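J.: Okay, here's the prediction I keep looking at, along with the sequence it came from:
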Amino acid sequence: MQNNFDIFVPQIQTDAKYAVTGADCQVLSVSLKPGETLLSEPGSLMMMSPQVKTDIECGTCTRPLTGETCCVVVYRNEGSQNGFVSITPNFPAKVIPVHLPSVGGKFIAKKGAYMSGIDEHEISADYDCNPITCCYGGLGCIRQQAVGSGTVFYAAGGTILQKTLATGERIIVDSKSIVGFQEGVEFGLKFAGGCGGICCGGEGCFYGTLTGPGLVMIQSMSFEKYVAAVSPPAQQANAEEALGAASG
């Protein structure tokens, strides 16, 4: 069955300063020349060269509103030779590079999607002022936006699909499965149907819609879905809590 979506494969140039390794739970390795830096969310480090030093940089006050921490880890090569930093997502996920100039210099993503970035880029808030989509769309009234001329790296789970929508072309999605989309893509809602679908369909009252033109990226295993899959049933959690209280 052809849905015209492509499985996302990072397009890395031969002279690129980064590499993505592994089939899943991937590793991002970035080569740093003397004086170059890599920005990353806290807790992502896997390994690095001895001459690379770390520092903390406080971001803008809007960062927590986009699902990120206030602080960013800065890895800076303070040596005289090339070094490297290898980092990983903070949950079992793939690394999704987005070269911002290739998407018009701006990319809108779901909260908490940002993992790392190189060269000139800024993470800030993108506001959805439509009261219907911000309250019922699943992405909230504040989304994440990356602006600049560098490359940003997002963490996304499962299989990643991408498609460049034509003008007016629309797809219906589970909003939790959205990784992000290019500026120009319109996010909207579609009523899920009757009471049976709303109450028992698992998607709530609305589906999300994405209308082109522009690039969209979809993930099969979002962080929210992953947490729901590995969390113990409520009954089991209650039983373990009761057992702990009794043994204490």
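T.: Okay, I see it. Numbering: from 1, shown residues only.
J.: From here on, just use CA atoms for contacts and neighbour counts.
T.: Will do.
J.: contacts for the host helix or strand of residue 56?
T.: Secondary structure assignment for residue 56, by DSSP states H and E: strand 52-58. Outside strand 52-58, the residues within contact range by C-alpha atoms under 8 Å, 6 or more residues apart in numbering are 70-79, 83-85.
J.: Export these to JSON lines and append columns for pLDDT.
T.: Compiled in JSON lines, the contacts of strand 52-58 are given as follows (pLDDT from 0 to 100):
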{"residue": "70", "pLDDT": "83"}
{"residue": "71", "pLDDT": "88"}
{"residue": "72", "pLDDT": "92"}
{"residue": "73", "pLDDT": "95"}
{"residue": "74", "pLDDT": "96"}
{"residue": "75", "pLDDT": "97"}
{"residue": "76", "pLDDT": "96"}
{"residue": "77", "pLDDT": "96"}
{"residue": "78", "pLDDT": "96"}
{"residue": "79", "pLDDT": "93"}
{"residue": "83", "pLDDT": "92"}
{"residue": "84", "pLDDT": "93"}
{"residue": "85", "pLDDT": "95"}
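J.: Report the spatially nearest residue to residue 71, omitting neighbours in sequence.
T.: In this structure, residue 71 finds its nearest non-sequential neighbour in residue 58, 4.5 Å apart by C-alpha to C-alpha, 6 or more residues apart in numbering.
J.: Return the distance of the one you found relative to residue 43.
T.: According to C-alpha to C-alpha, to the nearest Å, residue 58 stands 15 Å off from residue 43.
J.: same deal with residue 151?
T.: Noted for residue 151: a distance of 20 Å to residue 43, by C-alpha to C-alpha.
J.: which residues touch residue 186?
T.: Residue 186 neighbours (C-alpha under 8 Å, 6+ apart): 209, 210, 211, 212.
J.: strands paired with the strand or helix carrying the second one, and their directions?
T.: Using DSSP H and E, residue 210 sits in strand 206-211. Based on DSSP bridges, the pairing partners of strand 206-211 within the sheet are strand 170-173 (antiparallel), strand 186-191 (antiparallel).
J.: quick one: average confidence on whichever helix or strand comes after it?
T.: For strand 206-211, the succeeding helix or strand toward the C-terminus, using DSSP H and E, is strand 214-219. Strand 214-219 shows a mean pLDDT of 96.
J.: how big is the angle separating strand 214-219 from strand 186-191?
T.: Angle, strand 214-219 to strand 186-191, by axes from the mean of the first three to the mean of the last three C-alpha atoms, to 10 degrees: 60 degrees.
J.: Touching strand 214-219 from outside, list them.
T.: The contact list for strand 214-219 (C-alpha under 8 Å, 6+ apart) reads 103, 156-167, 177-185, 210.
J.: 6 Å instead, please
T.: 157, 159-165, 177-182, 185 (C-alpha atoms under 6 Å, 6 or more residues apart in numbering).
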